Every structure is written in structure tokens, then in C-alpha cells.
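Novice: Sequence plus predicted model, see below.
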Number of protein chains: 2
Amino acid sequence: MDMHDLTRELKQSNNSKIVMLVADGLGGLPLEAGGKTELETAATPNLDALARRGVSGLSIPVKPGITPGSGPGHLGLFGYDPLQYVIGRGALEATGIGFELGPNDVAARGNYCTLDAAGKISDRRAGRPTSEESAPIAVKLRAIKIPGVEIFVEPVKEHRFVVVFRAPGLGGSVRDTDPQAVGVAPLAPVGDDATSKKTAEIAAEFIKQAGAILKSEPKINGLTLRGFAARPALPTYEEVYGLRAAAVAVYPMYKGLARLVGMKITGQAQTLTEQVAVLKQHWNDFDFFFLHFKYTDSTGEDGNFPGKVKRIEEFDAAIPDIVALGPTVLIVTGDHSTPSYLKSHSWHPVPTLLVSDCCRPDGCTGFSESQALRGGLGQFEAKYLMPLALSNAGRMGKYGA
Amino acid sequence: MDMHDLTRELKQSNNSKIVMLVADGLGGLPLEAGGKTELETAATPNLDALARRGVSGLSIPVKPGITPGSGPGHLGLFGYDPLQYVIGRGALEATGIGFELGPNDVAARGNYCTLDAAGKISDRRAGRPTSEESAPIAVKLRAIKIPGVEIFVEPVKEHRFVVVFRAPGLGGSVRDTDPQAVGVAPLAPVGDDATSKKTAEIAAEFIKQAGAILKSEPKINGLTLRGFAARPALPTYEEVYGLRAAAVAVYPMYKGLARLVGMKITGQAQTLTEQVAVLKQHWNDFDFFFLHFKYTDSTGEDGNFPGKVKRIEEFDAAIPDIVALGPTVLIVTGDHSTPSYLKSHSWHPVPTLLVSDCCRPDGCTGFSESQALRGGLGQFEAKYLMPLALSNAGRMGKYGA
């Protein structure tokens, strides 16, 4: 029995509102021995006040020692076991550029490459074109026609693009055509089962027609495809939690991840202030709100410690307006840590707090990694956050009599 | 998906060095209410300094409340789920006396017994012979010949020995011949499947020939066999972690356990000082070093509290020379607790610390059970220590994009 079997069985309805604020990459590290993390350095009076009212803890995104990407990081927060539910690379790439994958879609990541006269790869990244150089190529490839198949070609950055094949009954188990080497020809796509063989045939035809279209291009005259993946089959928030859920995000990746679990994308906010306004505007229409704040991650990735501190303070400043809406349960967390010190996602547990009128306070006097370590939620796997949210919202009955 | 599926997929190579120091049976208990444990009593300035730099926690060897033997205790530390990977009793006994089990081997634990004139067991331990009395019997049994089978008979202590049958296609599912009672004859070996039936036939022939050899012995004139087991199929450190691993141990059991996961046994150290010298000597040849210190366990087993304190201080004194080697990740832990108070292994979580330049410090000011309880690693299953080590060493990529 997994957690969703429990929530499906025990979920109950009421008028409560749950808000999950995700500061991407929130957790951090000190820059030097005895120092403070970004969150500990930031002045966060509003988050500290929430920590005093609520219960804190450290969220382990996947398992101890495992660094998650954005996909598994968010699936965990949404209550979907990130080791059970896997979003294939192609599907995540499509999601990341805002492509809405449908149930009949198989997506793949594409790389443009340069082929020599013998058809062998001489440059696996086609001389690293700029996004401006490569974007028109994707448009040219849209001329490819295969009967019975809808084809979408979308530019990504530089030498990368996404292709989506849409037709009933396409399997996603198709092997990469990228041989990961120069001096050899791209591999033919190979399907591992009957439905994936069909996808492989379509991909082969796509590659053939692309070759004809690109043959006179000086650098970008070939392509390889990797990470074939169907849209992952995730049960919806409505089904597993009984929640009408809304996502308030700025970046396509997070909108896409939310969409995969059945959240409705609301508003077109470009700033945190606008996101809070969207939240307010849709307050009566949903039971659950996921609000994503990107910049705690991007500053961490840049190794910009003071920048991350500043973004945390910006995030803190938005708290009062959210609290003013009167959520039944308010959660503040991150999908993983992104310490400026490492300039990357990391495995370190993520400071997390939950405020409701029935959480058990824990004596924490502020919101930080070191306070959360002594918090009442302890160290817990992120996938347990949703059951905690539901219970704190009075939305889950008891298990067994 | 288990942790090894993840580490296999995510592992990456670099020049880092990981050192895992295992003080066997490290965790303890106070002798009286309000007292200190052995580790808390010992003066451990060097471990305390590491705890201030690093992150501490309590390792749960198997699951809460489960007391492990040396086999499961070490498998957990090595990252092999001790409930998934089981080392059969016979295989562990063979390993413990330094016998190198091969892929065609089935090992069993033997007990000498005394049989009466009717062939019934009158003493299950043959009058408890000394090791000096019983050792020559094992040598006599080496005269047993069975076509197509290599047979190894090795003395253990007192009434015990090990027998190993080596031939292709031998199964390990053979039932014990020890009836666990006197006044009845030993049971015939019974194999539970085709390959194990073959082993059972060989065992029956071995018992028959042994009976002929021992019939004129006054006390040791029979034997029973228990715990038949093939060499466990454990993936290697190289395969699951990409690590060239070395074991620096004094006792055969720990060398054997390390060998089962593909570690190379280095040096012939007899003391901790010699072990550290071996570590230094082989520093450039391996990525991972397992150093085993036995005496924290054996003093605990003896109920010798001050003896265990002294051994912990001896262990602490070796730390500076190990730190001087500059390991990227240094771990100090134990395979289980062995409180002097209990004179045995126990289920209590084991104080553990991990030092790297990217661990998140936790305010611990020393290394002890009570400090570790407030440490940043929390209470965690031992099997997560290796993923943490790999990540802290920069040897693991992120999961999902």
C-alpha cells in the first residue's frame, strides 16, 4: 500500500485552503567553517514568525545522499514517490519549454550535429550554434510530414531541440540514436516493444526527411535523438487528494510539472508580487495552491551567495500578503537545496515549515537549516508532506477503526 | 528501484578519497542512570574536533530494534540492504575463519557430537572438546574423497568446524542435519531443489565417510551440519559505486566480508598503527578505504567498560594520522552498538560522523551518542551512508533533470 492508496481512501472534503510555497533550491551551506547558510544570513522576520507559530523540519527530497533534478524534487513535494514515478528525459524537456504533452505523445530530446560526406558525425553539437542560429532550423523541420502522425518540433537552446510525435498507440521505449562519439554515423532508432517499434519507425522517417531538408546546411546537417519518453502516467491531485489544485508559477518547467499532476495553471505572473496577486484573485476557485519561486535556485546555481540571500529576503517580504489570505495550512519548503558553495543542486535536506491551527509547535524561534534540524517534523521524506498537509487541513479521515 | 540502481546510474568518477573507519560495536550505554556511555567517558579530542567540522548522526544498522551480527552490520555500512542481501550462516562461518569462498562453493557449519551404539546423539557437542582436542579431527576428515568434488574441512573453535563442498552447480538450500535434541539420530541432509539435492547427496556421502573415520574416537564420533549456504551474490563496489575499494582489517571475518563486496584486502597489519601505515602506503591505489577496528566490540562483549573506554581512546589517537592523509570524505562509525552493560551486540543506533568540505555542520561540539542525537544526519539507516559518502565526494550526479 503506498501513500496514495491511503489518501485515496481517507481523503475527505471541506472548505480548507492549503498553500505550498516552494522556494526552489532553498537549502544552502555556509561558505566557511562556522559560517551561516544563505537562509541563516537573510533577514526573514516573516518566515521566522511563521516558524514560531508552526512546526519545522528538514525535507529529504528523494533519499539521503540523493541529489534530485527539478522533476523528482517537485514530484516528492507533490506527494508522488520520485523513485516510483519517473518522468522520462524527453517528456521533461518538452515540459520545460512549456509544451503540453498529451496522452498520445512521445517526446525526444534532439541534438543538431554535423555529418561528414560519408554520413558520419564530425561534430556532435554542430559547432555549438547560438540559439539564434538554431531556432530557424526547428521551424524548417516542421515541414516534415508523416501520414497519421502529428509532429511538433520546438527549439530549445543552442544545438538542442525537442520533437514530439503524436499518434495513438506510440510506445516510449526507443533507444537513443546518439552514438556518443564522433567518426561514426548516428544509430538507427530501435524500439524495445511493439508500440515502441512503431515510434522508432516514425522517428526513422523523421530523421530521413530531416536529412533531406538539412543536407545543404553548412554546419547543422544532421541530428540525433535521445531520451524518448511518453507522457508519464501520474494520477491527478483531484483523484488522489480530492483537491482542486492551482499552480502559480513563472517558468514553463514548473507549470509543466504541475500540469502533469492535474493542477490548473493560473495567471500569467512574471514577478512574485504578481504571483501573490494571482493567488488572491483565484482564492475561491481552488483548494490547493502551489506557488513556485525560482530565484533562490538560480542564484545558488550561479554561486551568488549574497544574491541568494537577497532573493530569500524578497521571498520573505511576500509572506504577509499570503498569510493575510488566511490559508488553513501554509507550507514553506524547497524542492532541494542549491548551496551557492556548490553552485548546483545538492542532496542536503531542505528547511521546511508547516503552519496550521493544529500543528504541534516545537520551540523553533526562526526559519533556518539549524533550527529546522531541531523541529517537530524531524527529517522526513518529501513525499510525506502532502499527507501532513491534508491532515492539518482536516481533509483526511483516520486509517482503520 | 533500490539504492544500487540509483548509484549505478548516477555514479561518476573523480580523484576523491573516501575513508570509512569502523569501530566495531562503537555505540554503548551508561552503566547507571544519569551516567555516561563508554564513548562519552573516553577522552576523544580528535574525534570531537572532527564532529565540530563535520555532520553527526545515529546510524540504525538494520531497522529500529534489530540487533545485527557482524554480517548484516557491515553489509549495511557498505550500502547493501541487510534485509535484501543475506549471507548464509555457513558462508559467514567460512568467511570468519578466512576461507575464500568461490562461486562453486557451498559451506556448512559443522558440530562434532557423540553418538551412542544405536547411532543416536548422546551429546550434541561431543563433551565440549577444547580447540586443541578438536582441531586434529578436522585434519583427519580431509581424507574423505568424493569424485568430482573438492572438499575443505577447517577447524573452528571447540566442537565446531566448517566444511566446504566445491563443484559446479551445487545449491545451498539443504536442511540442517542437527535434530537439536539428544536421543535421536542426526537427520539426513535434504535438498530443497535440484541443485541442492546434489549438495545433499554429497553431504550424505561426507557424513558416511566421516562416520567410518571417527568410529573409534571416544567422544567425537559423529557430526551434524547446519546453515548450508552458497557464496552470496553481492554486486561489487566497483560495479555499484565505481570505487576501487581496499579493506584494512586485522581479523579474517572483516576481511572476508569486505572481499564479498569486491574490496581488495591490503596489508597484513596486526595493530591499529600498522593499519594506518597500510592506509598510507596504499593511498594512491584506491578510491575507498574501509578500516576495521575490532576492540571496541570485544571489550564491550566482555562487559569491560573501562577497557572499551581505553580502546576508544586508542582509536581516537589514530585519527590525526588519518586526517593528515587528506581524505575528501572521512566517516567514523560502527557496525552496531556493543554496550558493556549488555555484554553483547545491541540494536541501539550507532554514533556516526561524516566530514567533507560540503557537509552541512550541525553545531555538534563533540562525538558521542547524545551529541549525535542532535546531529544533522539525524537517525538514518546505515545503508544510506554510502550514497551520502559518494555525494559528499562529488561522485554522484543528480537524479532526474
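Specialist: Ah, there it is.

Novice: Considering only the stretch 201-350 of chain A, name the residue that lies closest to chain B.
Specialist: In the stretch 201-350 of chain A, the residue that lies nearest chain B is A:Trp347 (4.6 Å; CB to the nearest CB). Where C-beta positions appear, they are placed from N, C-alpha and C, glycine not excepted.

Novice: make that chain A, sorry
Specialist: Counting by CB to the nearest CB, chain A gets nearest to chain B through A:Gly65 (3.1 Å).

Novice: how many other residues sit next to A:Thr15?
Specialist: Rather than Thr, residue A:15 is Asn. Applying other CB atoms under 10 Å in any protein chain shown, we find 9 residues neighbouring A:Asn15.

Novice: domains of chain A?
Specialist: Using automatic domain parsing, the domain parsing of chain A gives A:3-86+A:234-392, A:91-230.

Novice: For the residue of the stretch 201-350 of chain A closest to chain B, grab the count of nearby residues.
Specialist: Neighbour tally, A:Trp347, other CB under 10 Å: 27.

Novice: Surely it touches A:Gly65?
Specialist: Yes. Counting by CB atoms under 8 Å, A:Trp347 does reach A:Gly65; the two are 5.1 Å apart.

Novice: re the thing from before, which of the domains of chain A has the highest mean neighbour count?
Specialist: domain A:3-86+A:234-392 (a mean of 21; mean count of other CB atoms under 10 Å in any protein chain shown).

Novice: what's the span of it, first residue to last?
Specialist: 16 Å (CA to CA, to the nearest Å).

Novice: Stretch A:295-315 now?
Specialist: Using CA to CA, first and last residues of stretch A:295-315 are 9 Å apart.

Novice: Repeat that for stretch A:179-186.
Specialist: 6 Å.

Novice: Can you give me the distance of the closest residue to A:Ile265 other than its chain neighbours to A:Leu325?
Specialist: Nearest in space to A:Ile265, with sequence neighbours left out and distances taken as CB to CB, 6 or more residues apart in numbering or on different chains, is A:Lys255 at 4.8 Å. Distance from A:Lys255 to A:Leu325, counting by CB to CB, to the nearest Å: 21 Å.

Novice: before we move on, what about A:Gln270?
Specialist: 21 Å.

Novice: circling back to that earlier point, can you put the domains of chain A in a markdown table and add mean pLDDT?
Specialist: Shown next, in a markdown table, are those (pLDDT from 0 to 100):
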| stretch | mean pLDDT |
| --- | --- |
| domain A:3-86+A:234-392 | 97 |
| domain A:91-230 | 95 |
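
Novice: related to what we said a few turns ago, which helix or strand contains the residue nearest to A:Ile265?
Specialist: helix A:252-260 (DSSP states H and E).

Novice: Name the strands paired with whatever helix or strand comes next after that helix and say parallel or antiparallel.
Specialist: Downstream of helix A:252-260, the next assigned helix or strand under DSSP H and E is strand A:264-265. Strand pairing for strand A:264-265, using DSSP bridges, gives strand A:245-248 (parallel).

Novice: Now do the residue of chain A closest to chain B against B:Ala317, distance only.
Specialist: For A:Gly65 relative to B:Ala317 (CB to CB), the value is 30 Å.

Novice: for A:His292, same thing?
Specialist: For A:His292, the distance to B:Ala317 - CB to CB - is 52 Å.

Novice: which phi and psi does the residue lying closest to A:Ser13 once chain neighbours are set aside have?
Specialist: Using CB to CB, 6+ apart and skipping the chain neighbours, the partner closest in space to A:Ser13 is A:Gly242 (5.9 Å). Backbone torsions of A:Gly242, given as degrees, to the nearest 10, read phi 70, psi 30.

Novice: In CSV, list the C-alpha atoms belonging to the longest helix seen in chain A.
Specialist: Assignment by DSSP state H gives helix A:194-214 as the longest helix of chain A. C-alpha atoms of helix A:194-214 as CSV (Å, rounded to 0.1, in the frame of the first residue of the first chain):
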residue,chain,number,x,y,z
ALA,A,194,5.6,-3.5,-30.3
THR,A,195,4.3,0.1,-29.6
SER,A,196,7.8,1.5,-29.4
LYS,A,197,8.8,-0.2,-32.7
LYS,A,198,6.1,1.9,-34.2
THR,A,199,7.6,5.1,-32.6
ALA,A,200,11.0,4.0,-33.9
GLU,A,201,9.7,3.7,-37.5
ILE,A,202,8.2,7.2,-37.2
ALA,A,203,11.5,8.5,-35.8
ALA,A,204,13.5,6.9,-38.6
GLU,A,205,11.2,8.5,-41.2
PHE,A,206,11.6,11.9,-39.4
ILE,A,207,15.4,11.6,-39.4
LYS,A,208,15.3,10.6,-43.1
GLN,A,209,13.2,13.6,-44.1
ALA,A,210,15.2,15.9,-41.8
GLY,A,211,18.4,14.8,-43.6
ALA,A,212,16.9,15.9,-47.0
ILE,A,213,15.9,19.2,-45.6
LEU,A,214,19.2,19.9,-43.8
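
Novice: which residues make contact with it from outside it?
Specialist: For helix A:194-214, contacts defined as CB atoms under 8 Å, 6 or more residues apart in numbering or on different chains pick out A:106, A:108, A:137, A:140-141, A:143-146, A:149, A:151, A:163, A:165, A:167, A:169-174, A:177, A:186, A:188-191, A:220-223, A:225, A:228.

Novice: Out of these, list just those in strands.
Specialist: In strands, defined here by DSSP state E, the members of the contacts of helix A:194-214 are A:Val106, A:Ala108, A:Ile151, A:Val163, A:Phe165, A:Gly222, A:Leu223, A:Leu225, A:Phe228.

Novice: can you tell me which two in those are farthest apart?
Specialist: Checked with CB to CB, the ones in strands among the contacts of helix A:194-214 reach their widest spread between A:Val106 and A:Gly222, with 21.0 Å between them.

Novice: Tell me which residues touch the closest residue to A:Gly363 other than its chain neighbours, please.
Specialist: Spatial nearest neighbour of A:Gly363, excluding adjacent residues (CB to CB, 6+ apart): A:Arg374 at 7.6 Å. The neighbourhood of A:Arg374, defined by CB under 8 Å, 6+ apart, consists of A:Ser56, A:Asp362, A:Gly363, A:Cys364, B:Arg374.
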